[in-house]
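> Here's my sequence, what's the structure:
(chains A, B, C, D, E and F)
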Number of protein chains: 4
Amino acid sequence: MAASREELIKGYRVSEILDATRRVIGRRGFEGATIDRVADEAKVAKGTIYLYFATKEALLHAAVTEGFRANIAELSANGAATENPVERIKSIVRQQFRQLDSNKDFLKAVILDSSFVNFNAGDPLSVELRELFITYLDFLASVLKEAIERGAIRPIDPQLGAFMLNEMIIGTLRRRLLQLTDSPLEADEEAVLELFLKGLQTAPCN
Amino acid sequence: MAASREELIKGYRVSEILDATRRVIGRRGFEGATIDRVADEAKVAKGTIYLYFATKEALLHAAVTEGFRANIAELSANGAATENPVERIKSIVRQQFRQLDSNKDFLKAVILDSSFVNFNAGDPLSVELRELFITYLDFLASVLKEAIERGAIRPIDPQLGAFMLNEMIIGTLRRRLLQLTDSPLEADEEAVLELFLKGLQTAPCN
Amino acid sequence: MAASREELIKGYRVSEILDATRRVIGRRGFEGATIDRVADEAKVAKGTIYLYFATKEALLHAAVTEGFRANIAELSANGAATENPVERIKSIVRQQFRQLDSNKDFLKAVILDSSFVNFNAGDPLSVELRELFITYLDFLASVLKEAIERGAIRPIDPQLGAFMLNEMIIGTLRRRLLQLTDSPLEADEEAVLELFLKGLQTAPCN
Amino acid sequence: MAASREELIKGYRVSEILDATRRVIGRRGFEGATIDRVADEAKVAKGTIYLYFATKEALLHAAVTEGFRANIAELSANGAATENPVERIKSIVRQQFRQLDSNKDFLKAVILDSSFVNFNAGDPLSVELRELFITYLDFLASVLKEAIERGAIRPIDPQLGAFMLNEMIIGTLRRRLLQLTDSPLEADEEAVLELFLKGLQTAPCN
DNA sequence: GATGAATGAGCGTTCATTCAT
DNA sequence: AATGAATGAACGCTCATTCAT
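Residues are numbered from 1 along each chain as shown, chains lettered A, B, ... in the order given. A predicted model of the protein is given here:
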């Protein structure tokens, strides 16, 4: 089980390169993420990258997937199931805002270039990314489902709800990136939760 | 003010080229939208495009902007103010779904590659696009505002509400493009409206 | 039927590039024939080559094929059928020596790198080259066949004879290129003819 | 003179590597013979190859030279001088066909890419290969010379004859590799001998 | 001696942009 | 105004060679 010395070094190199990749993506976008720039940023020769990644596409996917996976892991770790279901949803949304906000540059690129999360049935890399996304949505959906079962929220399709909740979170960040608001992040968080949970319409007492 | 003959011809050329550009974007994505292909599609020489657009970027921006502008115009034309405010919102959302769905290919590219709608304060092209987007959001916000004033919906920040409504519409289409759902478009429309208007939480009679 | 001005220019460019290609092949071999060097030699930008040839392979094949085709055409034009069949063979061999000798550098590369004339059933370029070679062998074979029919030479498989005759011609030049002989070209010519026509064995009067 | 233990080991390593090199050449051609692949095939690290060979070129030359040398040695060992001279020639030709045919893959590459046997006066590697080739031709020439002296064949330049005989053998194999014939190897052997010994021309009893 | 990770020059190819016609 | 041939910087990728371990 113990990783050998070489494996450690290799892991370190891979991380270094993936970190550099994310930094470059954050700084220049996907379009501007060239192998040359990643190599420069990682202080490594161009050829070295090809020792660890077969193609540029594989490199970018690995960088995105890793960032994505870490985000999901962190999120899943959160929230004891004993909580009030609505509080749990709130807690997850707030945590998600924190996490996304702290990786600004890289996530800005990912959020703004969702073509990368595009789905191309033939391409194994895109299939992997899509599956990861589904894992994340499933997690959100399971939280919603429990809340529905416990009567805390209205019975809607949990998958649809999960997708929309994610869109609202991402959308809020997009809105900030586009400088369409100057309200503090916390205010946006609460507004999203309010909107998602209560909707807009004034409730006729039903 | 009267457009001269030359200006008419020029306008015709420009819109031919922009149409071709959108067709190419729809067919091959932003990545695959090369000047060569646009020229081919517009049945015009490559050099001709540079008579009307300074750079490739300017061309793409113009194509997107124009498509966007047409969409807004069509939407704004809709809906007499006399309607029930909630019905008006519903009507606008439904129309938006129709419009987006009927321009599938081009909009698929725009939706999936929103990096293009990025905001780069230094870049006049991106500033223009942002302003257009704001115009659209202002229109949606004005509709929401009226509904608020008439007590039809809860008093929230209309700009935020407008942004989120748009995100939910776009998100729904994105979800379809990612093949995460196979429900009919109409069902998705109604789910979005339901969610947007009523929220998720079971309403304690307030 | 008249070639337009553009076609003439295009043809000129193509010739220029093919000539340059052959010069580079002659100077640096197939291995050393890079697009950069051909572009330099043709005094043309790298990209220009790709206006006329889809790939490097296509360029090299065109250069070889053209040189080859010209050689065959020149050869076929030769020799009135009325001649004495053996004299005709001699005349063809002598002409072939002249032609090959005058294109030394390029042909040196082709002769020395017959891998290029290799046959790869899947590759249309290699198929074309092979067919051209067969055309050439067929021509030689037809000459041999006529000589056989007229009783001037022994009845052997004309295709085999043609191939071997060619090998002997090429071999002679190869021998000179390897500097394994310093006899004058004419002497080699006659020796080849002598060997090809009479063989080595002292003839028991049969 | 006695080889030390180290020298033995070293010799073993070297021939392992050269064998691997020939296998790789046979499988992927000269073009495809990379140091990586040779190292893999020899189950040796890439760097190890550079302990024994200064450059890739030196490695390939050594591999070819060694294969060539073995062929010559085997051939020279053959044939008691007491035989009938013409029979000896026949026997040598037949043996050569056998040997070449049994090393098909490697020799296919060498035959088809004779640029490698090129002669570049400045390059010591090519000089060595050329000298080896001359040794081989000298051997063939000595056989021819003896036959001439014993009146078995016509008095021609033995060096020329040797070169041409070799060309005819190689050519026959080339013809098979190009798939220009489907006759059995034995038939080709006899045709070559027939042609080489008797020539084409119907013999006027001289 | 043996290793293989690291290097970087060099390759074939693309494509936005220019400019002589 | 319109053309499209020409350009060349930039790209992703390969591979012979080096060198710290």
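
> Scan chain A for its longest helix.
helix A:124-149 (DSSP state H).

> for it, packing partners?
Helices and strands touching helix A:124-149, by 3 or more C-beta pairs under 8 Å, 6 or more residues apart in numbering or on different chains; DSSP states H and E, are helix A:56-77, helix A:85-102, helix A:158-177. From N, CA and C alone the C-beta is placed, and that goes for glycine too.

> In chain A, which residue sits nearest chain B?
A:Gly199 (2.8 Å; C-beta to the nearest C-beta).

> Can you spell out which helices and strands pack onto the helix or strand hosting A:Glu189?
According to DSSP states H and E, A:Glu189 maps onto helix A:185-198. With contacts taken as 3+ C-beta pairs under 8 Å, 6+ apart, helix A:185-198 sits against helix A:85-102, helix A:158-177, helix B:158-177.

> Which among those helices is found nearest to C:Lys108?
Of all the helices and strands packed on helix A:185-198, it is helix B:158-177 that lies closest to C:Lys108, at 59.0 Å by C-beta to C-beta.

> ok, the closest one near chain A or not?
Yes. Using C-beta under 8 Å from any C-beta of the partner chain, helix B:158-177 reaches chain A at B:159-161, B:163-164, B:166-168, B:170-172, B:174-175, B:177.

> Narrow the residues you listed to just the buried residues.
Buried by 16 or more other C-beta atoms under 10 Å in any protein chain shown: B:159-161, B:163-164, B:166-168, B:170-172, B:174-175, B:177, out of those.

> Low-confidence regions, chain A specifically.
Along chain A, segments meeting pLDDT under 70 span A:1-5, A:78-83, A:114-119, A:121-122, A:200-206.

> switch the cut-off to 80
A:1-9, A:77-83, A:101-105, A:107-108, A:111-126, A:199-206 (pLDDT under 80).

> Not counting sequence-adjacent ones, nearest residue to the residue nearest the centre of it?
Nearest to the centroid of the C-alpha atoms of chain A, with distances taken as C-alpha atoms, centre = their mean, sits A:Phe68, at 4.7 Å. Nearest residue to A:Phe68, sequence neighbours excluded (C-beta to C-beta, 6 or more residues apart in numbering or on different chains): A:Leu132, at 5.5 Å.

> okay but that neighbour is in contact with A:Glu66, surely?
No. If you go by C-beta atoms under 8 Å, A:Leu132 and A:Glu66 don't touch, sitting 10.0 Å apart.

> ok, back up a step: can you pull the contacts of the residue nearest to the centre of chain A?
For A:Phe68, the contacting residues are A:Val110, A:Leu129, A:Leu132, A:Phe133, A:Tyr136, by C-beta atoms under 8 Å, 6 or more residues apart in numbering or on different chains.

> Could you single out the nearest of the residues of helix B:158-177 next to chain A to B:Arg37?
Using C-beta to C-beta, the residues of helix B:158-177 next to chain A come closest to B:Arg37 at B:Leu177, 22.1 Å.

> And the closest one, how far from DNA strand E?
Using C-beta to the nearest atom of the strand, to the nearest Å, we find B:Leu177 at a distance of 23 Å from DNA strand E.

> what about the residue nearest to that residue when sequence neighbours are not counted, neighbour count?
Nearest non-adjacent residue to B:Leu177, counting by C-beta to C-beta, 6+ apart: B:Lys108, 5.7 Å away. For B:Lys108, the count of nearby residues is 20 (other C-beta atoms under 10 Å in any protein chain shown).

> State the helix or strand in which B:Lys108 lies.
Counting by DSSP H and E, B:Lys108 is part of helix B:104-112.

> Counting neighbours, which bits of that helix end up buried?
B:Phe106, B:Leu107, B:Lys108, B:Ala109, B:Val110, B:Ile111, B:Leu112.

> show me which of these neighbour DNA strand E.
With C-beta under 7 Å from any atom of the strand as the criterion, the buried residues of helix B:104-112 include none near DNA strand E.

> Please identify which residue in chain A comes closest to DNA strand E.
Nearest residue of chain A to DNA strand E (C-beta to the nearest atom of the strand) works out as A:Gly47 at 1.6 Å.
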